[in-house]
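Undergrad: I would like the atomic coordinates for the input below:
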Amino acid sequence: MKILIYGATEVGCLLATEFFEDHDVTIIDKEENKTEELKKLDIGFIKGNASNTEVLKLADIRNADVFIACTSIDEANIVACLTAKKMSGVRTVCFVTKEEYRNVLNVDRSDMCLCEFFIDEIVWPEELLTQEIFRIVTVAQALDVEFFANGRARLLEYKLKEGMALVDKKIKDCNFTKNTLIVGITREGALSIPNGDTVLLAGDKLIFMGTSHSLDILAGTFFHDKESVKTVTIIGGGNVGLMLAQTLEDVKIKTKIIEKNYERCEFLSQKLKSTLIINGDGTDLKLLDEEEIGSSDVTISVTNNDERNLLTSLLAKQLGTKRTITRVSKVLNIPLFEKVGVDIAISAKNSALNEVKNALDEDSNVGILATVEQGQGEVLEIDLSTEFNNKKIFEMRFPRPAVVGVIQRGNGIIIPKGDTELHTGDTLIIFTKAEDADLIKAMFNKADR
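TA: Next comes the predicted model:
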């Protein structure tokens, strides 16, 4: 696949790093924006502005499969995507930072009045980040939460702590809840696919898939006792802080926002109904203590500054808050933040990367539903072809380790066992390591041809 990326930004570099080994990738931008990290990749680089038709011709836009615009300027991204679409009909992916652009550009493809002058995919990373944080907040103690099959199935990730009943047990002896599968384990930063003889150790991050009801039982049995999140403090009242507070209000969670800018506080007070707005500095230990931040079930730091987010999270932790979630702008900072004590470090760029990968798989019978552990694991959605009809799970013979976590059949879902029989038309939700995902996808794409 030929992929053109407009913008030698951190997002552009992340996308190029993800795709260059399997695709023909070219980045378009000014020469001064070409970083050392990009120079290490086997990709093309064209100097110029992708809104210029001559530059797009030089990049061979007519033979491109995907055009991604991810500069830091919304208007430049929009114009470049529309120009590329007009020149070649290429599939376009446009990054934006403003809600109004997302709303205006997200047109209904089924609209009969729609002309051929449109953008295929609009990616607003802050919205994706908000959705991901909200999923995590609403499940006590979970490190990651993903929903599948219209919410009837889920993925949950938990950290195994010293003294828990599962420590030092083999998986086959754990007696996990019915309709629940353990699909992955992250140990010392490395993800693996476990089997029944795998021994669970303190510090492991365990990834489960199953029905929503069964995972609720699992969580209550092993990780918390009917615990629910009742109070949340948000440090930072920008777009993410506002959207997050609005969603938390909808589910009746008591929320407060600490925002340094007074005018922004006034704006927040007009937009929010029940959230307490505090004008102050989230790094002020005295303020955090006076506002009893330590009594919050979750403290979420979502300013645009990584250092401030880290400091406020550690201060909140010191004051006694149960769980901290921290926004990280630089993806490389995620493991460092978690190493020094932040419970969950999360990046809008990783969420956006997953969205783009889905766009690239749009014409395949295989899609990516989610990524976990900073992209080490992938959840694939696969429409089953006739070749696998009446085969049992244990007969699938995957080329690399993978787990079928959920089967969607008609309006129902099945959490399979080894002897579960597959039918043509089933949709499989499969967990595997990202490095093995292409082989798993190729197995099904080949069968579909």
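Undergrad: so where's the stretch 51-200 of the chain shaky on pLDDT?
TA: Scanning the stretch 51-200 of the chain for pLDDT under 70 picks out the ranges 106-117.
Undergrad: quick one: I5 and C70 touch, right?
TA: Yes. With contact taken as Cβ atoms under 8 Å, I5 and C70 are classed as touching, separated by 6.7 Å. To be clear about C-beta, it is placed using only N, CA and C from the backbone, and glycine gets the same treatment.
Undergrad: and the two? which has more neighbours close in?
TA: A count of neighbours by other Cβ atoms under 10 Å puts I5 above the other of I5 and C70, at 30 against 27.
Undergrad: quick one on the thing from earlier: quickly list what's touching both of I5 and C70.
TA: Taking Cβ atoms under 8 Å, 6 or more residues apart in numbering as the contact rule, I5 and C70 both touch G12, L15.
Undergrad: What helix or strand is the residue lying farthest from the centre of the chain located in?
TA: Using Cα atoms, centre = their mean, the residue of the chain lying farthest from its centre is E54. It sits 35.7 Å away. Using DSSP states H and E, the element containing E54 is helix 53-58.
Undergrad: Other residues contacting that helix?
TA: Helix 53-58 is contacted from outside by I28, I46, G48, N49, A50, T83, A84, M87, using Cβ under 8 Å, 6+ apart.
Undergrad: In strands, which of these appear?
TA: If you go by DSSP state E, the contacts of helix 53-58 have I28, I46 in strands.
Undergrad: By neighbour count, sort out the buried ones in the contacts of helix 53-58.
TA: Burial by neighbour count, 16 or more other Cβ atoms under 10 Å: within the contacts of helix 53-58 this picks out I28, I46, G48, N49, A50, T83, A84.
Undergrad: returning to that earlier point: could you dump the contacts of helix 53-58 into a markdown table with distance to N445 added?
TA: Output for these, formatted as a markdown table (distance: Cβ to Cβ, whole Å):
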| residue | distance to N445 |
| --- | --- |
| I28 | 30 |
| I46 | 31 |
| G48 | 35 |
| N49 | 36 |
| A50 | 31 |
| T83 | 32 |
| A84 | 27 |
| M87 | 29 |
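Undergrad: just curious, which of the contacts of helix 53-58 is nearest to L201?
TA: Comparing the contacts of helix 53-58 against L201 with Cβ to Cβ places I28 closest, at 47.2 Å.
Undergrad: what residues are up against that closest one?
TA: By Cβ under 8 Å, 6+ apart, I28 lies in contact with L4, I5, Y6, G7, F45, I46, K47, G48, N49, A50, V55, A59.
Undergrad: Surely the first one and I68 touch.
TA: Yes. Judged on Cβ under 8 Å, L4 makes contact with I68 at a distance of 7.1 Å.
Undergrad: quick check: domain ranges of the protein?
TA: Under the assignment automatic domain parsing, the domains of the chain span 2-123, 133-223, 229-350, 363-448.
Undergrad: Could you find the closest non-adjacent residue to the residue nearest in space to the middle of the chain?
TA: Compute the mean C-alpha point of the chain, and by Cα atoms, centre = their mean the closest residue is S351, 3.5 Å away. Excluding its sequence neighbours, the residue lying closest to S351 (Cβ to Cβ, 6 or more residues apart in numbering) is L128, at 3.7 Å.
Undergrad: for I136, same thing?
TA: That would be V145: by Cβ to Cβ, 6+ apart, it lies 5.4 Å from I136.
Undergrad: What helices and strands are in contact with the helix or strand where the one you found lies?
TA: If you go by DSSP H and E, V145 is part of strand 144-148. For strand 144-148, the contact count by 3 or more Cβ pairs under 8 Å, 6 or more residues apart in numbering; DSSP states H and E identifies helix 125-137, strand 153-159, strand 366-372, strand 377-383 as packing neighbours.
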